[in-house]
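Undergrad: Structure for this input, please:
(2 chains)
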Amino acid sequence: MDLKTLTYLVVGATFALYIGIAFWARAGTTGEFYAAGRGVSPVVNGMATAADWMSAASFISMAGLIAFMGYDGSLFLMGWTGGYVLLAMLLAPYLRKFGKYTVPEFVGDRFYSQAARVVAVICLIVASITYVIGQMRGVGVAFSRFLEVSVDTGLYVGMAVVFVYAVLGGMKGITYTQVAQYVVLILAYTIPAIFISMNLTGNPIPGLGLFSSTAEGVPLLTKLNQVIGDLGFPKFTEQRRSTLDMTLYTLSLMIGTAGLPHVIVRFFTVPKVRDARSSAGWALFFIAILYTTAPAVGAMARLNLTNTVQTGAVGSPEGNLSYEQRPQWFKNWEKTGLLKFEDKNGDGRIQYYNDKNKEFAAKAEGFGWKGNELTKVDNDIMVLANPEIARLPNWVIALVAAGGLAAALSTAAGLLLAISSAVSHDLLKGMFNKNISEAGELMAARISMAVAIVVAGYLGLNPPGFAAQVVALAFGLAASSIFPALMMGIFSKRVGAAPAVAGMLAGLGVTLVYIFWFKGWFFIPGTEMAANVPANWFLGISPEAFGAVGAMVNFGMAWVVSRVSAPPPAHIQELVESIRVPKGAGAATGH
Amino acid sequence: MSDQSRSGAAYWKANLRLVVICMVIWAVVSYGFGIILRPLLAGIPVGGTDLGFWFATQGSIVVFLLLIVFYSKRMNKLDREFGVHED
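TA: Predicted coordinates:
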């Protein structure tokens, strides 16, 4: 069977599965729509959380980023997993005990302030929309590459599938769909990685293969350092970012992860406080399977790519791959524009080296090289082309297509749910129509979900120019406003409405101004106040890493204001006391 | 102060102590061994590179997982000891 038919079959079968699950698990009440009826077991919730969390970026882009960033890329590995420790110990059990449906609802009740609730709703919607654009785009790109349809058509199909299972099933449908999506995506990620690891090191577990030796008896990482070092690239295991920036970047990703509402709400679906703690552990376990494989995929793909191009001694005329003899996967990816070759010195061979390294560039000139000829090697190729590079059977390539789609769709569904519940529960029921009936609210939740899908689809079709940069904004928002507010709400009885709102606004303000300063006001090109280069950054802290500073500003401001304002009223102090103990969590559900 | 809230306060104190211990380990393995103290660990080789690289790419994730398991188990025990467990 040819690859295209096979891919249609595999992707079609997974879609049928997701929609089948949605019919089986359709939501009948708001409790089921927002929190899956709070009957999800911790293991199932862990798996759903893992699928919810691991987006198109984790599945497609992360290994590629690590391949080119080397050691520095580990800030994503630590950052996107370390947040689960914070969730398990600082947030999830207490928010589960609180027993409501949304993150802004907790913020609004705990700080007895509609203003605080509105700030939280705005942060939630901005962070979630930002994220969902990337997922919708990911769906379109994965479709166009594997099913040979246009990006737009792919996006419409993706929207239709999410529409059916999210509008119908709400959180309940999404939860069980995400379990299926986790299974698809983890198989799609690990199967090619296992084969590549076997080929290079003989070790079937990629995470261990990374630290094993190749067939020649040299450790893989030593060999990689040497091979890319010979071409003037920095060593794979070497640190390039400043230590302060790397530390704060990691911290921003950790507290951003713990503050992102679509992840937090997943912990509202388990029956008990105890389950909220253990399901954070299960989530991290399922995430760790992919995250410990990713650095191996990155390193191995980089070695394979370099060895494919540089076939012999560096500098010898025959040492480089002849363009005529390039492998099939090279041709396939050239067609997508993600891989580009330009024969600068006209010798018909591919020279791939670091022409930005002045010392090596001078040496390269001596070889008759006139600049790096692989003018584009997109990060995303590293995962998507892996099965082809390793010459795996067609069904594995079809599975990777289904895996990429599963990663993008599961995250999109989680985000859309967070957005629609903020609209129907926090804005509509919480503010404008407090007496709305259960059936009315459920209908409103479905309608706002449908509208959210249309908006996300529109933005996916017409992505604003800043789509790639706004991920920093999403993490900055979650890290500098939502996370500190939730933490102070649980761990301090002294912080009331005024300190919380002041803290959120200060943290958010500082972070936004810093990001806009270097990336343009509202990301409009030409409005940046200074070039986005390390020399201009405050203490060398990159805009992506500034969320951690924003969080500290938030805590600091809240502390100062809490010294000069009245403590929260007695019933709020009792509320804080009650969320700190697990007893009675079952009764606290509903409104 | 009633018995209920006194045991609640003691439970909260025990919980905070446990959280602080876990958070210190969390910070040491990631920011410590993975980033800041990496030069100090440079002499300890691991599979073609050094221990700091291992902690940054895998070791810290493994420790995070163990920390959550340890914390959950300890908390379940504390819940029962202080009589604040569910059902």
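Undergrad: so where do the helices sit in chain B?
TA: B:3-27, B:51-54, B:60-81 (DSSP state H).
Undergrad: Out of those, which gets nearest to chain A?
TA: Closest approach to chain A among the helices of chain B is made by helix B:60-81 (3.9 Å; C-beta to the nearest C-beta). Glycine gets a C-beta too; all of them are placed from N, C-alpha and C.
Undergrad: For the closest one, buried residues please.
TA: For helix B:60-81, burial by neighbour count (16 or more other C-beta atoms under 10 Å in any protein chain shown) applies to B:60-65, B:67-69, B:71-72, B:74-76, B:78-79.
Undergrad: Does that helix reach chain A?
TA: Yes - legend: contact between helix B:60-81 and chain A by C-beta under 8 Å from any C-beta of the partner chain is shown at B:60-62, B:64-65, B:67-69, B:71-72, B:75-76, B:79.
Undergrad: what's in contact with that helix?
TA: For helix B:60-81, contacts defined as C-beta atoms under 8 Å, 6 or more residues apart in numbering or on different chains pick out A:77-78, A:81-82, A:84-85, A:88-89, A:93, A:274, A:277-278, A:280-281, A:284-285, A:288, A:291-292, A:582, B:11, B:14-15, B:18-19, B:22, B:25-26, B:29-30, B:33-34, B:85-86.
Undergrad: Quick check: PyMOL command selecting the buried ones in the residues you listed.
TA: In PyMOL, this line selects whichever of the contacts of helix B:60-81 come out buried by 16+ other C-beta under 10 Å:
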select buried, (chain A and resi 77+78+81+82+84+85+88+89+93+274+277+278+280+281+284+285+288+291+292+582) or (chain B and resi 11+15+18+19+22+25+26+29+30+33+34+85+86)
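Undergrad: mind listing what the closest residue to A:Glu342 other than its chain neighbours touches?
TA: Nearest in space to A:Glu342, with sequence neighbours left out and distances taken as C-beta to C-beta, 6 or more residues apart in numbering or on different chains, is A:Thr375 at 5.0 Å. The contact partners of A:Thr375, by C-beta under 8 Å, 6+ apart, come to A:340-342.
Undergrad: Return the member of those residues nearest to B:Arg38.
TA: Closest approach between the contacts of A:Thr375 and B:Arg38, by C-beta to C-beta: A:Lys340, at 35.5 Å.
Undergrad: I'd guess the closest one is in a strand, am I close?
TA: Yes - counting by DSSP: H, G, I helix; E, B strand; the rest coil, A:Lys340 is part of a strand.
Undergrad: Pass me the low-pLDDT residue ranges in the stretch 451-591 of chain A, would you?
TA: A:464-472, A:585-591 (pLDDT under 70).
Undergrad: let's see 50
TA: In the prediction, the stretch 451-591 of chain A carries residues with pLDDT under 50 at positions A:587-591.
Undergrad: likewise chain B?
TA: Within chain B, the segments meeting pLDDT under 50 span B:1.
Undergrad: just the helices in the stretch 1-150 of chain A please.
TA: Ranges of helices within the stretch 1-150 of chain A are A:3-24, A:30-35, A:42-53, A:56, A:62-69, A:74-86, A:92-98, A:103-110, A:114-147, based on DSSP state H, counting those that start in this stretch.
Undergrad: right, and the ones you listed - which one's nearest chain B?
TA: Using C-beta to the nearest C-beta, the helices of the stretch 1-150 of chain A put helix A:74-86 closest to chain B, at 3.8 Å.
Undergrad: Relative to the whole chain's centre, how far out is the closest one?
TA: How far helix A:74-86 lies from its chain's middle: 11 Å, per C-alpha atoms, centre = their mean, to the nearest Å.
Undergrad: for stretch A:161-176, same thing?
TA: 20 Å.
Undergrad: And for the one residue in the stretch 351-500 of chain A that gets nearest to chain B, the neighbour number?
TA: Residue nearest to chain B within the stretch 351-500 of chain A: A:Phe491 (8.3 Å; C-beta to the nearest C-beta). For A:Phe491, the count of nearby residues is 16 (other C-beta atoms under 10 Å in any protein chain shown).
Undergrad: nearest spatial neighbour of it, skipping sequence neighbours?
TA: Once flanking residues are discounted, A:Phe491 sits nearest to A:Leu90: 7.5 Å by C-beta to C-beta, 6+ apart.
Undergrad: tally of neighbours for that neighbour?
TA: A:Leu90: 19 surrounding residues under other C-beta under 10 Å.
Undergrad: Mind listing residues that contact stretch A:181-192?
TA: For stretch A:181-192, using C-beta under 8 Å, 6+ apart, the contacting residues are A:14, A:18, A:47-48, A:50-51, A:54, A:59, A:206, A:286, A:289-290, A:293, A:297, A:383, A:386-387, A:390, A:392, A:396, A:399-400, A:402-404, A:406-407, A:409-410.
Undergrad: Can you read off the backbone torsions of A:Thr375?
TA: Main-chain torsions, A:Thr375, degrees, to the nearest 10: phi -70, psi -20.
Undergrad: Kindly provide the distance from it to A:Ile228.
TA: Here A:Thr375 is placed at a distance of 18 Å from A:Ile228 (C-beta to C-beta, to the nearest Å).
Undergrad: show me what contacts the residue lying closest to A:Phe367 once chain neighbours are set aside?
TA: Excluding its sequence neighbours, the residue lying closest to A:Phe367 (C-beta to C-beta, 6+ apart) is A:Gly315, at 4.5 Å. Listed by C-beta under 8 Å, 6+ apart, the contact partners of A:Gly315 are A:363, A:366-367.
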